[in-house]
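*Asks:* coords below, sequence missing:
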């Protein structure tokens, strides 16, 4: 394992601790300019997001209706009722984004797919980078004010759905995550810089509670007037 990745994983609680759990649930509140750009109304109420830690599945509840939730895997997205009935589903959901640009409208299943892979990526960082098939290498550090954040570039395996094949992760002197860069391939591939803040500990693991994703401009600088997605997370619960 790359030395920087090993230090980052240790700072976030360590693989041994991570491997004692199977899933995590967090309360989330989301906002930002991406949703209206996609023709979507953003529910300001808190929701529950659950992901598995060692395979890529995710679910958010409620979704659309009080008794509906999503069921995400890389090759299928569905909206289901609390009794397990399928409201709607799409196989090979990634194919539905072909030829999309930043402001192409999304249907509910496309929104659900985006939520699933994005929140799985966020809630498993940096531990996912130690999963089989990931390739990581250190890149030039990022200067943020008076701080220098070391960077890792990860190439994701084909079996994992996420924003883009290559993504960059930056860590502070304490080896905790500070920033996450990627291209949003399902929305025309626009570049994003996501800043994370206010890390808390739950069951010996550390998670950011605030995420703010901006359009990334020249020189890798975030365009602060273009806040695409905001996520506030709380009440992290680990399951064994």
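*Replies:* In hand now; what should we look at? Computed from a predicted model, the values in this text were never measured in an experiment.

*Asks:* Now residue 127: closest residue in space that isn't a chain neighbour?
*Replies:* Excluding its sequence neighbours, the residue lying closest to residue 127 (Cβ to Cβ, 6 or more residues apart in numbering) is residue 18, at 4.9 Å. Yep, even glycine has a C-beta here, placed from its N, CA and C like the rest.

*Asks:* Contact partners for the one you found?
*Replies:* Residues near residue 18 by Cβ atoms under 8 Å, 6 or more residues apart in numbering: 9, 53, 127, 205.

*Asks:* Is the last one bridged to anything, and to what?
*Replies:* Here residue 205 shows beta-bridge partners residue 202, assigned using DSSP bridges.

*Asks:* re the thing from before, from the contacts of residue 18, which land in helices?
*Replies:* If you go by DSSP state H, those have residue 9 in helices.

*Asks:* name the helices or strands packed onto the strand or helix carrying residue 48?
*Replies:* Using DSSP states H and E, residue 48 sits in strand 47-52. Here strand 47-52 touches strand 23-31, strand 58-61, helix 108-124, going by 3 or more Cβ pairs under 8 Å, 6 or more residues apart in numbering; DSSP states H and E.

*Asks:* could you point out which element follows the shortest one?
*Replies:* Read in the C-terminal direction, the helix or strand following strand 58-61 is strand 68-73, with elements assigned using DSSP H and E.

*Asks:* Now do that next one against strand 47-52, angle only.
*Replies:* Counting by axes from the mean of the first three to the mean of the last three Cα atoms, to 10 degrees, strand 68-73 lies at 30 degrees to strand 47-52.

*Asks:* Would you mind giving me the confidence score for residue 43?
*Replies:* pLDDT recorded at residue 43 is 80.

*Asks:* ditto for residue 84
*Replies:* The model reports residue 84 with a pLDDT of 88.

*Asks:* would you say it is within a helix?
*Replies:* No: Residue 84 is assigned coil when assessed by DSSP: H, G, I helix; E, B strand; the rest coil, not a helix.

*Asks:* count of residues packed around it?
*Replies:* Neighbour count for residue 84, taken as other Cβ atoms under 10 Å: 7.

*Asks:* where does this structure have its least confident helix or strand?
*Replies:* In the chain, no helix or strand scores lower on mean pLDDT, DSSP states H and E than helix 34-37, which sits at a mean of 93.

*Asks:* if we can go back for a sec, could you point out which of the helices and strands packed on strand 47-52 sits nearest residue 193?
*Replies:* Nearest to residue 193 among the helices and strands packed on strand 47-52 is helix 108-124 (14.2 Å), distances taken as Cβ to Cβ.
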